[in-house]
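K.L.:
Build the 3D model from these lines:
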Amino acid sequence: MPRKPAHLPMAALEIPPRSTPSNYPEPFASRMAGREKRALGDFFGLTNFGVNLTRLQPGAVSALRHAHTRQDEFLYILEGTPTLHTDEGSFPLWPGQCVGFPAGGGNANHLVNESGADVLYLEVGDRTPGDAASYPDDDILAQAVEGGWAFTHKDGTPYP
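P.N.:
Next comes the predicted model:
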C-alpha cells in the first residue's frame, strides 16, 4: 500500500481498503465476508499504533470474538448500530459511542452488524511486541510475529 507523508491530509474513505478481507486461516477467514478495513495508520506509516476505518455490511462481524494479552483496543462508532458481544453479554451501540478493552483484561469481544444498514467505525490498537490473542468461541490462538500473526489450534498445532 502506498504511504502518504503524515503531514498531508487525506480523506479516509479515499485510502484503499486492504486487498484481503482477513488474515485468519480458513475456516475462519471466510467468516469475515462483508467486512472492509482501511488501514489508516499503515497508510501514513504509523508504527506505534494502528488505526483502521472498518465497514461492516449487514450480517458481517468485526473479527472472531477475541481478547489481547498486550494490546489495548479502542472502538468508536461513526455510522450504524452494531451489537457489541463481550463476556458480559451483548450491547447495542450507536454513532458517537465508544468502548475500550485494556490489554490483558481477558474480556473477549467483537462487533456484529445485526442491522439492515452498514456500520462504519474506527478501531485503534497499539502495536506492543509479544501480543497474543485468545478466541474463546473457536479453536484458534494468535501470536504476533514480525509484520503479522501466526495462528495455531488451541493444542498448538499450526494452521496450514
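
K.L.:
wouldn't residue 143 be in contact with residue 132 here?
P.N.:
Yes. Look at residue 143 against residue 132 with Cβ atoms under 8 Å: they come within range, at 5.0 Å. No exception for glycine: its C-beta is placed from N, CA and C like everyone else's.

K.L.:
List the residues that contact residue 69.
P.N.:
103-104, 130-134 (Cβ atoms under 8 Å, 6 or more residues apart in numbering).

K.L.:
so which pair among these is furthest apart in space?
P.N.:
When these are compared pair by pair using Cβ to Cβ, the farthest-apart members prove to be 130 and 134, with a separation of 14.3 Å.

K.L.:
Among those two, which residue is more densely surrounded?
P.N.:
Applying other Cβ atoms under 10 Å to residue 130 and residue 134 shows that residue 134 carries more neighbours, namely 16 against 9.

K.L.:
Going along the chain, name the helices of this structure.
P.N.:
For the chain, the helices defined by DSSP state H occupy 40-43.

K.L.:
Let me see the confidence value for residue 119.
P.N.:
Model confidence at residue 119, expressed as pLDDT, equals 98.

K.L.:
check contacts around it.
P.N.:
Contacts were defined as Cβ under 8 Å, 6+ apart; by that measure residue 119 touches 55-56, 77, 79-82, 111, 113.

K.L.:
Buried among the residues you listed? Need that as a selection in ChimeraX.
P.N.:
Selecting the buried subset of the contacts of residue 119 in ChimeraX, with 16 or more other Cβ atoms under 10 Å as the burial test, is done by:
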select :55,56,77,80,81,82,111,113
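
K.L.:
mind checking how far stretch 95-111 is from the chain centre?
P.N.:
Averaging C-alpha positions (Cα atoms, centre = their mean, to the nearest Å) puts stretch 95-111 11 Å from its chain's average.

K.L.:
ditto for stretch 58-76
P.N.:
With Cα atoms, centre = their mean as the basis, the mean position of stretch 58-76 lies at 5 Å from the chain mean.

K.L.:
Return that stretch as PDB; C-alpha atoms alone will do.
P.N.:
What follows is the C-alpha trace of stretch 58-76 in PDB, where atoms were taken according to Å, rounded to 0.1, in the frame of the first residue of the first chain:
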ATOM      1  CA  PRO A  58     -25.400  -6.300   7.300                       C
ATOM      2  CA  GLY A  59     -24.700  -9.600   8.900                       C
ATOM      3  CA  ALA A  60     -20.900  -9.100   9.000                       C
ATOM      4  CA  VAL A  61     -18.600  -9.400  12.000                       C
ATOM      5  CA  SER A  62     -15.600  -7.300  13.000                       C
ATOM      6  CA  ALA A  63     -13.500 -10.300  14.000                       C
ATOM      7  CA  LEU A  64     -13.700 -13.600  15.800                       C
ATOM      8  CA  ARG A  65     -14.600 -12.800  19.400                       C
ATOM      9  CA  HIS A  66     -11.100 -12.300  21.000                       C
ATOM     10  CA  ALA A  67      -9.000 -10.800  23.800                       C
ATOM     11  CA  HIS A  68      -5.500  -9.500  23.500                       C
ATOM     12  CA  THR A  69      -2.700 -10.100  26.100                       C
ATOM     13  CA  ARG A  70      -0.700  -6.900  25.400                       C
ATOM     14  CA  GLN A  71      -2.700  -4.700  23.000                       C
ATOM     15  CA  ASP A  72      -5.200  -2.100  24.100                       C
ATOM     16  CA  GLU A  73      -8.200  -1.800  21.800                       C
ATOM     17  CA  PHE A  74     -10.500   1.100  21.300                       C
ATOM     18  CA  LEU A  75     -13.600   1.300  19.100                       C
ATOM     19  CA  TYR A  76     -15.600   4.400  18.100                       C
END
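
K.L.:
Alright, calling it a day.
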